[in-house]
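[1] when you get a sec, could you give me coordinates for this:
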Amino acid sequence: MNAEDPQAVEAITAWLEDNIGPVREITKQDRWRPAWDAIVEGGNGTTPIYVRADRGKGLETRPISHEYAVLRLLERQGIPVPKIYGWCPQPEAIIMEGVSDHPFHGGADLDPDLHRIVQDYMAILADIHRIPLDTVAEAGIEIPTSTEDIALAYFGLAEKAYQAGKKQPEPLVEFLRQWVLGNIPDGRTQMCLLVADAPQFFHDEKTVTAIYDLEMAHVGDPMMELASVRVRDINEPIGEMPRLLERYVAAGGAPIDWQALDFHTVVSFLAVPMMTRSTMREKHPHPAFVEYLSWDLACSRAALEVLAEVSGLRLSEVEEIPSRKSSFTDAFVDMEAIAKELPEPEGLMREPPALSLARYLGRVDEIGAEIERLEREEAEALIGEKFSTLSQSEAALEQLVLKSGQERQSELIRLFHSRMMRRLQLLKGYPAPIVARGLGKTR
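    So this is what the prediction gives:
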């Protein structure tokens, strides 16, 4: 759906006026999901409203109706969520309270008061995990029926998106998929309702006032939830993970199974490139190409770092690639300078997407060819064969992974990690912690 579509705005306005009151203002948010802020008149004055719609074909991982069902369930269970006003059928959207409190976007590693609020959020997760599964099922949320289904519940969501969008060799994803499918934890039958993309919440500087962004919620192993918190930390720092785990357990959460937590951390990081890569190839113009790319590269890197930890493998430092000028450099410099004059976005975008793209393309001009040369040569050395193009070497590398990936695990972890560290150099200057922030410790 096009967030600028006047018919969508007209239909949403009509729903609001039919169900709440006259619309005094409706404004599109600057973000990668179509969403609007509205001011509606009601019986007791004006009411702030937030309208959350689906991303549209090629970008949505779950139907927005699923998130609506989860929100209604949590609301009934006394979990702090925005007040839900209802469901708009066309365009499909959740109509909810517009929350004016502070959204958590990291910083809890530096602010003790904010870290305490994240601890409170962990206690809320423990409350969610204790919601009876028969109540969850009554809300229309699927319940896994086997230990493998429990372990792979989140992986299954990513797998569906990945297989639907795979149109070229993906040796790194295939390597990590092999590891996941070959290392399912034994005997894990505990399951519960999971937020699965934690922690995302509003706060009033004292306590959590509402949790939000529940599109990935599902039933699975509680260790997957804790893994998602670890994933969040590389982009929106949460502070000391050990203290957060302690609070979760003290609040009645599941005991920590470290092996299962490592497994689900790999799954959670891997799910990001599995779900997002095809959107960057197929959705043009993409609403936030560089933001998605930062998730892809950094989460791939972090998944490999978890595997290195589990394997006791020491990873090597990757040297910075020297920049070089080309006959096209001046144009890229000019493009970035012009993009810097664009107005700052008002929503969740870190900067104007055109500026992010301009800077990224400038970096591609400076070091992109050298990155591709190194990737091809390293693949040739591993495979023992020469290739005329990078695409040929990628196809051969995927075949090697499929045939003997786990037998050559150490070599492949090192190779893929070096690749991700180099590719992240293309994002130099992008204002997101995920570009440089490494994997946090759990204990």
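
[2] who's in contact with stretch 284-301?
    With CB atoms under 8 Å, 6 or more residues apart in numbering as the test, stretch 284-301 has contacts from 31-32, 59, 172, 176, 231, 234-235, 269-270, 272-273, 276-277, 279-280, 349-350, 353, 356-357, 359-360, 416-417, 420-421, 423-424, 427, 430, 432, 434-435, 437. Quick note: C-beta positions are derived from backbone N, CA and C, even for glycine.

[3] quick one: buried residues of that stretch?
    286-301 (16 or more other CB atoms under 10 Å).

[4] let me know the closest of the residues you listed to residue 337.
    Set against residue 337, the nearest of the buried residues of stretch 284-301 by CB to CB is residue 290 (17.3 Å).

[5] nearest residue to that closest one other than its sequence neighbours?
    Excluding the flanking residues, the one nearest residue 290 by CB to CB, 6 or more residues apart in numbering is residue 356, at 3.7 Å.

[6] and the one you found, what element?
    helix 353-363 (DSSP states H and E).

[7] same check on residue 303?
    Going by DSSP H and E, residue 303 is in helix 289-311.

[8] re earlier: ok, the residue nearest to residue 290 to residue 189 distance?
    For residue 356, the distance to residue 189 (CB to CB, to the nearest Å) stands at 44 Å.

[9] with neighbour numbers in mind, choose between the two.
    residue 356 (25 against 10; other CB atoms under 10 Å).

[10] just name whatever secondary elements the helix holding residue 356 is in contact with.
    Contacts defined by 3 or more CB pairs under 8 Å, 6 or more residues apart in numbering; DSSP states H and E place helix 353-363 against helix 289-311, helix 329-339.

[11] give me the contacts around that helix.
    Taking CB under 8 Å, 6+ apart as the rule, helix 353-363 contacts 287-291, 293, 329, 332-333, 335-336, 338-340, 342, 350, 425-430.

[12] okay, the next helix or strand after it in CSV with CA atoms only?
    Toward the C-terminus, helix 353-363 is succeeded by helix 369-383 as the next helix or strand (DSSP H and E). Presented in CSV, the C-alpha positions along helix 369-383 are these (Å, rounded to 0.1, in the frame of the first residue of the first chain):
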residue,chain,number,x,y,z
ALA,A,369,35.4,-3.2,-6.6
GLU,A,370,38.1,-4.2,-4.1
ILE,A,371,35.5,-5.9,-1.9
GLU,A,372,34.2,-8.0,-4.8
ARG,A,373,37.8,-8.8,-5.9
LEU,A,374,38.7,-10.1,-2.4
GLU,A,375,35.5,-12.1,-2.1
ARG,A,376,36.0,-13.8,-5.4
GLU,A,377,39.7,-14.6,-4.7
GLU,A,378,39.0,-16.0,-1.2
ALA,A,379,36.2,-18.2,-2.7
GLU,A,380,38.6,-19.4,-5.3
ALA,A,381,41.2,-20.3,-2.7
LEU,A,382,38.7,-22.2,-0.6
ILE,A,383,37.1,-24.0,-3.6
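
[13] which residues of the stretch 51-200 of the chain fall in helices?
    Remark: helices assigned in the stretch 51-200 of the chain by DSSP state H, counting those that start in this stretch are 64-76, 112-129, 133-138, 147-151, 153-165, 171-182.

[14] need the ones you listed in JSON lines (columns: mean neighbour count, distance to residue 45 and mean pLDDT).
    What follows is the helices of the stretch 51-200 of the chain, written out as JSON lines (neighbours: other CB atoms under 10 Å; distance: least, CB to CB, whole Å; pLDDT from 0 to 100):
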{"stretch": "helix 64-76", "mean neighbour count": "19", "distance to residue 45": "23", "mean pLDDT": "96"}
{"stretch": "helix 112-129", "mean neighbour count": "19", "distance to residue 45": "29", "mean pLDDT": "97"}
{"stretch": "helix 133-138", "mean neighbour count": "14", "distance to residue 45": "35", "mean pLDDT": "98"}
{"stretch": "helix 147-151", "mean neighbour count": "19", "distance to residue 45": "48", "mean pLDDT": "96"}
{"stretch": "helix 153-165", "mean neighbour count": "18", "distance to residue 45": "41", "mean pLDDT": "93"}
{"stretch": "helix 171-182", "mean neighbour count": "20", "distance to residue 45": "52", "mean pLDDT": "97"}
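
[15] turn those into TSV, including distance to residue 398.
    Listed next are the helices of the stretch 51-200 of the chain as TSV, based on distance: least, CB to CB, whole Å:
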stretch	distance to residue 398
helix 64-76	32
helix 112-129	37
helix 133-138	38
helix 147-151	25
helix 153-165	13
helix 171-182	4
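
[16] report the buried residues of the helix holding residue 356.
    By neighbour count on 16+ other CB under 10 Å, the buried set for helix 353-363 is 353, 355-363.

[17] and if you look at stretch 246-266?
    So stretch 246-266, judged by 16+ other CB under 10 Å, has buried residues 247-248, 251, 253-254, 256-257, 260-266.
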